[in-house]
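Asks: Need a 3D model of the following:
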Amino acid sequence: MKGKICVSLLEDEIPQAELVQGWLSDSGYNTYHCTTGKEFIAAMDKRQPDMVVLDWQLPDIEGIDVLKKLRGELCFDGPVIFATGKDSEEDIVYALDAGADDYLVKPLRRSELDARLSALWRRYNNEVKRQFSVGHITINLDTRQASVDGDEVKLTPIEFDLAVCVLSNVGKLLSRDYLLKEVWGVGVELDTRTVDMHISKIRRLLKINPEMGYGIKTVYRHGYRLEVL
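Replies: Residues are numbered from 1 along each chain as shown. All right, here's what the predicted structure looks like:
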């Protein structure tokens, strides 16, 4: 299970980053690491992880400002843990109020970090709704039905899975290769134009347009992102 979970680590001290990445890899997580806030934000715009571990004190911008950008402009709604040397009560409260889910003070302990990440992942997954709405679209995961303004829309299994994948990731850039693997299955060899055709179809069937307040943006050479208009 953990092999599918990607954790992004923002840490400017290379020895600390290598240590934590080793822990995470040993625990079965996929990881990638950035040393500056700007590098991290640029990476997030191309590939959003499932979970984030943030340092506060960075060489360019503070981790708290990265967190605010994550929760605001980048619409990241996954678990975020601060791992920092700042240990005052005011700092901890400030980070949690700004959108962090947990806060660890350095020096980090391997077992505690692993336990906190596992607990957060379980909590986030337990809170996933079996029915959700985006604009005038309602998706019911139990009955595998989609409706627009209360009227059911007939979708094929592939169209439904693609709609769920796109609509449940507002603000997240989804590459064509990622969509092929998630919707059609790992190892399936299809032309990426297959994705383009199906995206066009769910746009039309679910009436995803500016009038509903959302749009599926085509990101040149990368993929698609559902955006609030």
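
Asks: My guess is R144 contacts I158. True?
Replies: No - at 11.8 Å, R144 and I158 do not qualify as touching, with contact defined as Cβ atoms under 8 Å. In short, each C-beta sits where N, CA and C put it, glycine included.

Asks: quick one, helices of the protein?
Replies: Here the chain has its helices, by DSSP state H, at 14-26, 37-46, 63-71, 89-97, 110-126, 157-167, 176-179, 193-205.

Asks: For the third one, name the packing helices and strands.
Replies: Which is helix 63-71. In terms of contacts (3 or more Cβ pairs under 8 Å, 6 or more residues apart in numbering; DSSP states H and E), helix 63-71 is packed against helix 37-46, strand 51-54, strand 80-84, helix 89-97.

Asks: How much space separates P15 from I81?
Replies: Between P15 and I81 the distance, using Cβ to Cβ, to the nearest Å, works out to 20 Å.

Asks: out of those two, which sits in the more crowded spot?
Replies: Between P15 and I81, I81 has the larger neighbour count (other Cβ atoms under 10 Å), namely 20 against 8.

Asks: pretty sure the more buried one is touching V105, no?
Replies: No - between I81 and V105 there is no contact under Cβ under 8 Å: 11.4 Å.

Asks: Contact partners for F82?
Replies: Taking Cβ atoms under 8 Å, 6 or more residues apart in numbering, we find F82 in contact with 53-56, 63, 67, 95, 100, 102-104.

Asks: In the sheet, which residues pair with it? Tell me.
Replies: Counting by DSSP bridges, F82 is bridged to L54, Y103.

Asks: Burial check on the closest residue to G135 other than its chain neighbours, number of neighbours?
Replies: Once flanking residues are discounted, G135 sits nearest to M212: 3.9 Å by Cβ to Cβ, 6 or more residues apart in numbering. Taking other Cβ under 10 Å as the neighbour definition, M212 ends up with a count of 16.

Asks: wait, doesn't M212 sit right on S133?
Replies: No - using Cβ under 8 Å, M212 is not in contact with S133, being 11.0 Å away.

Asks: Give me the nearest residue to T138, chain neighbours excluded.
Replies: S147 (4.9 Å).

Asks: domains of the chain?
Replies: For the chain, the structural domains run 2-126, 131-228, going by automatic domain parsing.

Asks: Is it possible to get a markdown table of those that adds mean pLDDT?
Replies: Output for these, formatted as a markdown table (pLDDT from 0 to 100):
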| stretch | mean pLDDT |
| --- | --- |
| domain 2-126 | 90 |
| domain 131-228 | 88 |
